[in-house]
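Participant: Test case, fold it:
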Amino acid sequence: MKKLLLSMSLLASSMAFAADELHLYNWNNYLTEATAKRFEQSCKCKLVQDYYGDNEEMLAKLAAGAKGYDIVVPTGFAVQTLIGQKAAAPLDKAQLANLKNVNPGYMGGFFDKANAYSVPYSFTTTVLGYNETQLQKAGVLDKANSWALIFDPAVVSKIKGKVTVLDSQRELMSAALMYLGYPANETDPAKWKQAQQVILKAKPYWAAFNNQSYIKELTLGNAWVSLGYSSDLFQAQQDAIKAKRPFKLGFGLQQEGNTLSLDNLVILKDAPRKDLAHKFINFMLDGKNAADLTNEVGAGNPNQAAMPNVKPEITKLSAIFPSKEALPKLQQLQDLNSKQRRDMNKLWSEIKLK
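Facilitator: Numbering: from 1, shown residues only. Predicted coordinates:
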């Protein structure tokens, strides 16, 4: 009997430990290891992360029936999609004492006006990162503040094979639309076709569509220009400095405009551990924990309690904390309806196949 009770006790302990796991489906490089460890210590649980490269990948995986995730970190338009699909769980704000730390200016977004399902986590801009040294040699450094650097054949041909772009239909198409002078959220099929043609004409000069390793490629000097997220490009810049590379990396906004992504913490409707999910959200809303995200990852911060702890030199980087003058040219991507998604998918397939 004692052996049986001991076996049952060990089994129960094992099951309890396995159950005390929070599964976070997150962007790459979007939570510091030190912060993750502090959360595990505070909740006496294990944080398990899986990663995606863009919102479309995350949405497609969930739509295909992926189970076991507790929290995802979608951009605004993807929050819209999850709410529309009834895949998001309502938040219990009684468990989120630190919600008061969020700057009111970032609450009530178009995608969730009452913040019933989402909490602002951080924001990034989608910009160009570049090797200043090599662009100077190629005679195109003066184009770094324009989308012409990756779309104008007369310019990008001078750095052929040294350009990577995000493998994200919304981000790349939006950049091409803005290059043409259209809004990032333009939905006119004729203008979409124009943007597709811009991409197809530039594509022969690019090295790759790359969501996963462009930080490394920039840091090593293999890529000279990358369309990417400001937080990733900040990381590449810092890595190059630490490695004492013989070149200088820069990143910044484009004069035609950029997309701004307000990323949010959302608990999934079928989350196994909604209790731990709420603990994680409240933990990340603490000022110090939120500040670490900016200081170490380079993500913009909607948490007003974090700002006193953010390094002053980071607040001066316009791609991370855009100036008042830059804000009018920043656009948040909005959700597409089902027909628009089909049309976009068709255009994207043609881009990838040609």
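
Participant: Strands of the stretch 101-250 of the chain, start to end?
Facilitator: Assigned by DSSP state E, counting those that start in this stretch, the stretch 101-250 of the chain shows strands spanning 118-131, 163-165, 208-209, 225-229, 249-252.

Participant: so of those strands, which one's packed in deepest?
Facilitator: strand 225-229 (a mean of 29; mean count of other CB atoms under 10 Å). (Glycine included, C-beta is placed from N, CA and C.)

Participant: So which residues make contact with that one?
Facilitator: 27, 124-131, 135, 149-150, 159, 162-166, 171-172, 175, 210, 214-215, 217-218, 233, 236, 251, 261 (CB atoms under 8 Å, 6 or more residues apart in numbering).

Participant: quick one, it and strand 118-131 angle?
Facilitator: 170 degrees (axes from the mean of the first three to the mean of the last three CA atoms, to 10 degrees).

Participant: quick one: strands adjacent to strand 225-229?
Facilitator: strand 118-131 (antiparallel), strand 163-165 (parallel) (DSSP bridges).

Participant: which residues touch the last one?
Facilitator: I take that to be strand 163-165. Contacts of strand 163-165 (CB under 8 Å, 6+ apart): 150, 156, 172, 205-210, 214, 217, 223-228.

Participant: just stretch 293-302 next, same as before
Facilitator: Contacts of stretch 293-302 (CB under 8 Å, 6+ apart): 29-32, 34-35, 102-103, 105-106, 120-125, 230-235, 238, 262-263, 284, 290-291, 306-307, 309-311, 314, 317, 320-321.

Participant: if you average pLDDT over that stretch, what comes out?
Facilitator: Average pLDDT, stretch 293-302: 96.

Participant: could I have that stretch exported to PDB, CA atoms only?
Facilitator: The C-alpha coordinates for stretch 293-302 follow below in PDB (Å, rounded to 0.1, in the frame of the first residue of the first chain):
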ATOM      1  CA  LEU A 293      12.300  44.700 -23.000                       C
ATOM      2  CA  THR A 294      13.300  48.100 -24.400                       C
ATOM      3  CA  ASN A 295      16.800  48.200 -22.900                       C
ATOM      4  CA  GLU A 296      17.800  44.700 -24.100                       C
ATOM      5  CA  VAL A 297      15.600  44.000 -27.100                       C
ATOM      6  CA  GLY A 298      15.100  47.600 -28.400                       C
ATOM      7  CA  ALA A 299      11.300  47.400 -28.600                       C
ATOM      8  CA  GLY A 300       9.300  50.600 -28.200                       C
ATOM      9  CA  ASN A 301       7.400  50.800 -24.900                       C
ATOM     10  CA  PRO A 302       3.800  51.700 -24.200                       C
END
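
Participant: List the buried residues of that stretch.
Facilitator: Neighbour-count burial for stretch 293-302 flags 293-302 (criterion: 16 or more other CB atoms under 10 Å).

Participant: Which members of those occur in helices, if any?
Facilitator: Applying DSSP state H to the buried residues of stretch 293-302, no entry is found in helices.

Participant: what about residue 189, how many residues close to it?
Facilitator: 13 (other CB atoms under 10 Å).

Participant: now it: how far from residue 228?
Facilitator: Applying CB to CB, to the nearest Å, the value for residue 189 to residue 228 is 28 Å.

Participant: returning to what we had before: and the strands paired with strand 225-229: which comes nearest residue 273?
Facilitator: strand 118-131 (16.9 Å; CB to CB).

Participant: Now do the closest one: distance to the chain's middle.
Facilitator: Put simply, strand 118-131 sits 6 Å off its chain's centre (CA atoms, centre = their mean, to the nearest Å).

Participant: Alpha carbons of that strand, as CSV, please.
Facilitator: Taking C-alpha atoms only, strand 118-131 is exported to CSV below (Å, rounded to 0.1, in the frame of the first residue of the first chain):
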residue,chain,number,x,y,z
SER,A,118,-5.7,42.5,-25.5
VAL,A,119,-3.1,44.4,-23.5
PRO,A,120,-0.4,46.5,-25.2
TYR,A,121,3.0,44.9,-24.9
SER,A,122,5.4,46.8,-27.1
PHE,A,123,5.6,48.5,-30.5
THR,A,124,8.0,48.3,-33.4
THR,A,125,8.4,50.0,-36.7
THR,A,126,9.1,48.2,-39.9
VAL,A,127,12.1,49.9,-41.4
LEU,A,128,15.4,49.4,-43.3
GLY,A,129,18.5,48.4,-41.5
TYR,A,130,21.7,48.9,-43.4
ASN,A,131,25.5,48.7,-43.4
